[in-house]
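Visitor: Build the 3D model from these lines:
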Amino acid sequence: MLEVAKELEARGEEVSDIIIMGIYKKIDRRILAEEVIKQSTERMASRMLSDNPLAKEYLNDELVIGSIFNKSDAYEAYTNDLVNAGEINANIHLLRAADSYVIPNTVDTRDEWRKSITKKLIEHTGFGDHFKMIDPGNAEKNAGIINEIMGRR
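Guide: Numbers count the residues shown, from 1 in each chain. This is a model prediction of the structure:
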């Protein structure tokens, strides 16, 4: 989200607030071998498919499952190179996961995010652990928090 906000500001757009779920800030570039990225992708996609009851019901098509693995692989490759650096003129709302899972090469500190903004840092406690914030039950509750942040009740 920080990268999107920086790009919008560079194009002359105003960004008043951004909402970040999970809250980790990546401060170093990960240098992972392609095989490690593939293994991480398989774990992430498998977790998504096995832990989500809707996934079990609707995602039984091999083409759809292949697409999920491809998107997960692309996401892992993107985040492998990503470093959250720079500053934006906006508030950041951190929607914190209920657990304390730590992603490698990230930091879970408000001070790091404060370095990225010129306005306020506002913290919210979300529902579900890091990997289940958008699962059924948690997604609706977290959407409610996001709607409140956006002024929609």
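
Visitor: Point out the other helices and strands that the host helix or strand of Leu94 packs with.
Guide: Element membership for Leu94 (DSSP states H and E) is strand 91-96. Counting contacts by 3 or more C-beta pairs under 8 Å, 6 or more residues apart in numbering; DSSP states H and E, strand 91-96 packs against strand 17-21, helix 110-114, strand 121-125, helix 138-149. The C-beta positions use only the backbone N, C-alpha and C, and glycine is treated the same way.

Visitor: Would you mind giving the ones you listed as CSV with distance to His93, mean pLDDT and mean neighbour count added?
Guide: Shown next, in CSV, are the helices and strands packed on strand 91-96 (distance: least, C-beta to C-beta, whole Å; pLDDT from 0 to 100; neighbours: other C-beta atoms under 10 Å):
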stretch, distance to His93, mean pLDDT, mean neighbour count
strand 17-21, 5, 89, 17
helix 110-114, 10, 78, 15
strand 121-125, 5, 90, 13
helix 138-149, 5, 94, 14
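
Visitor: could you give the mean pLDDT of the longest helix along the chain?
Guide: Using DSSP state H, we find that the single longest helix of the chain is helix 62-81. Helix 62-81 shows a mean pLDDT of 75.

Visitor: Can you name every helix or strand that that helix contacts?
Guide: helix 34-51.
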